[in-house]
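J.: take a look and give me a structure for this.
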Amino acid sequence: MIKIHPEFAFQSRELGAQIEDTLGEPPNRKNYATVVKSLIGEYANGSEIDDVNLLSFALVDHMRFDDPAGLLAQCKQYDEGDASKVLKMVSCNDAEATKALMTVSNNNPELARKAIITAFLFKNHKRWTQEDHTLEALQEEEGGDDVEDEDQLAPGHDIEHLFDSRGDGND
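T.: Below you'll find the predicted structure:
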């Protein structure tokens, strides 16, 4: 498994949440398709919506990832990369989606690069890992949870003061 930049991992997870939210419960595929078609139309017409997640959302179901190994290699840096190289690693199965991707790549190549990689990672989530920076993982890495929680009371602690509503010590 390859490690990727944390921002790509975040964007990929956000894309999944956005797709789930748009589909709804129970899934409404017609509504989802309408939203995607609308976004593709906006990007194809040159809209300057500078949002990695929205562009990924619009294109994710229309992209074919022709060079998975190359795309994985591009996932290590979020703010720096070769947009033209990444663009050559994908193709679209829809003319309007292709037009949208080409329009964005001409106007904002970095946005296109980030959106392509985000969509790729979303579709290929089993190919990559991200370092776990959660508190639990860090504590586990350091040898366990040695920090005492002051809010926890052990049996036998004097807790009568917690119920003294008048503040005079006599309940």
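J.: alpha carbons only for contacts and neighbour counts from here, please
T.: Noted.
J.: poorly predicted segments of this structure, please.
T.: 1, 126-171 (pLDDT under 70).
J.: in it, which helix has the most residues?
T.: When the chain is parsed with DSSP state H, its longest helix is helix 6-23.
J.: quick one: buried residues of that one?
T.: Pro6, Glu7, Phe8, Ala9, Gln11, Ser12, Arg13, Glu14, Leu15, Gly16, Thr22, Leu23 (16 or more other CA atoms under 10 Å).
J.: stretch 92-111 too?
T.: The neighbour-count check on stretch 92-111 (16+ other CA under 10 Å) flags 92, 96-105, 109-111 as buried.
J.: what ranges do the helices span in the chain?
T.: Under DSSP H, the chain gives helices at 6-23, 29-44, 52-59, 68-73, 83-87, 95-107, 109-123, 135-141.
J.: what's the second one in contact with?
T.: Okay, so that is helix 29-44. 19, 22-23, 49, 54-55, 57-59, 96-97, 99-104 (CA atoms under 8 Å, 6 or more residues apart in numbering).
J.: can you rerun that using 10 Å?
T.: Outside helix 29-44, the residues that touch it by CA atoms under 10 Å, 6 or more residues apart in numbering are 19-24, 45, 47-50, 54-55, 57-61, 95-104.
J.: how about the fourth one?
T.: Outside of helix 68-73, the residues that reach it under the criterion CA under 10 Å, 6+ apart are 1-4, 65, 74, 85-90, 113, 116-118, 120-121, 124, 127-128.
J.: buried subset of these?
T.: Applying 16+ other CA under 10 Å to the contacts of helix 68-73 flags 4, 65, 74, 86-87, 89-90, 113, 116-118, 120-121 as buried.
J.: could you dump those to CSV with distance to Tyr32?
T.: Shown next, in CSV, are the buried ones among the contacts of helix 68-73 (distance: CA to CA, whole Å):
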residue, distance to Tyr32
Ile4, 29
Phe65, 22
Gln74, 29
Val86, 27
Leu87, 25
Met89, 26
Val90, 23
Arg113, 24
Ile116, 20
Ile117, 22
Thr118, 19
Phe120, 19
Leu121, 20
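J.: and the closest residue to Lys123 other than its chain neighbours, what is it in contact with?
T.: Distance criterion CA to CA, 6 or more residues apart in numbering; nearest residue to Lys123, sequence neighbours excluded, is Val60 at 7.9 Å. With contact set as CA under 10 Å, 6+ apart, Val60 has these partners: 15, 19, 36, 54, 92, 97, 115-116, 118-120, 122-123.
J.: quick one: neighbours of the nearest residue to Leu55 once chain neighbours are set aside, just the number.
T.: Closest residue to Leu55 apart from its sequence neighbours, by CA to CA, 6+ apart: Ala115 at 5.9 Å. Using other CA atoms under 10 Å, Ala115 is surrounded by 27 other residues.
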